[in-house]
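Trainee: No letters, just coordinates:
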């Protein structure tokens, strides 16, 4: 009998715009029984590398990932060893990721509130000769405020015949695992092979109003702290000759 496990492939830490430490993320992922968690900070893999080093102390396996800000939208790149720079066309980013043996998952493609692929997913990934060789699509993102965003992603992904993945888009440890990718097996390598074969399913439940309110409060406090540092920064006076 095949064992199916859960992986959260979309998680942020304090290394980008998240509000939880790597240790908090891993501890919570272990607590809720996730088998695999991908750390996908915006345009950096530093948090993911720290998580991989720390993972030995937890019953959860870490995938080094990055949410890359391409010209065309956000792209989740999984199984990285070297960070990919932001600001390039998706075509170039996908090619660079595949050179490393990484996998490319389109993040929240129909979220119109942030940079997303939108209908470009259809134009570049459909037909007999797609120009973008993506490996999957995030069809369930737990953070999206309108269910139609995920529904549209699911419909388009099914029509294109692409693997359907899920993630929490967690920016605080309490939302880790709310969105997930189901895969046969238990390890990160099992997840990788399942995505390649298209044997994955998306699942989860959306953030609650309480989650949004808590995140807004954390962001407000972070903004106030930054403002306070600017105000209290000593001024340098320059003598005019």
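Mentor: Noted; the coordinates are in hand. Bear in mind that the values here come from a model prediction, so they are computed numbers and not experimental data. Numbering: from 1, shown residues only.
Trainee: From residue 158, how far out is the nearest residue to residue 163 once chain neighbours are set aside?
Mentor: Closest residue to residue 163 in three dimensions, ignoring its sequence neighbours and counting by Cβ to Cβ, 6 or more residues apart in numbering: residue 136, at 3.8 Å. Bear in mind the C-beta positions are built from the backbone N, C-alpha and C, glycine included. Between residue 136 and residue 158 the computed distance is 12 Å (Cβ to Cβ, to the nearest Å).
Trainee: same deal with residue 142?
Mentor: The span separating residue 142 from residue 158 equals 20 Å under the rule Cβ to Cβ.
Trainee: Looking at the two, which is more packed in?
Mentor: residue 142 (25 against 12; other Cβ atoms under 10 Å).
Trainee: check contacts around the more buried one.
Mentor: Remark: with contacts taken as Cβ atoms under 8 Å, 6 or more residues apart in numbering, residue 142 is in contact with 166-170, 175, 178-179, 204-207.
Trainee: Now do the shared contacts for residue 136 and residue 158.
Mentor: Between them, residue 136 and residue 158 share the neighbouring residues residue 164, with contact defined by Cβ under 8 Å, 6+ apart.
Trainee: For stretch 85-92, buried residues please.
Mentor: Of the residues in stretch 85-92, those with enough neighbours to count as buried (16 or more other Cβ atoms under 10 Å) are 86, 88, 90.
Trainee: Which parts of this structure are strands?
Mentor: Assigned by DSSP state E, the chain shows strands spanning 4-11, 36-39, 61-69, 74-78, 103-106, 136-141, 164-167, 179-184, 201-204.
Trainee: Go through the ones you listed and pick out the most buried.
Mentor: With neighbours defined by mean count of other Cβ atoms under 10 Å, none of those is more surrounded on average than strand 36-39, at a mean of 30.
Trainee: Check which helices and strands that strand sits against.
Mentor: Using 3 or more Cβ pairs under 8 Å, 6 or more residues apart in numbering; DSSP states H and E as the contact criterion, the secondary-structure elements in contact with strand 36-39 are strand 4-11, helix 22-31, helix 46-54, strand 61-69.
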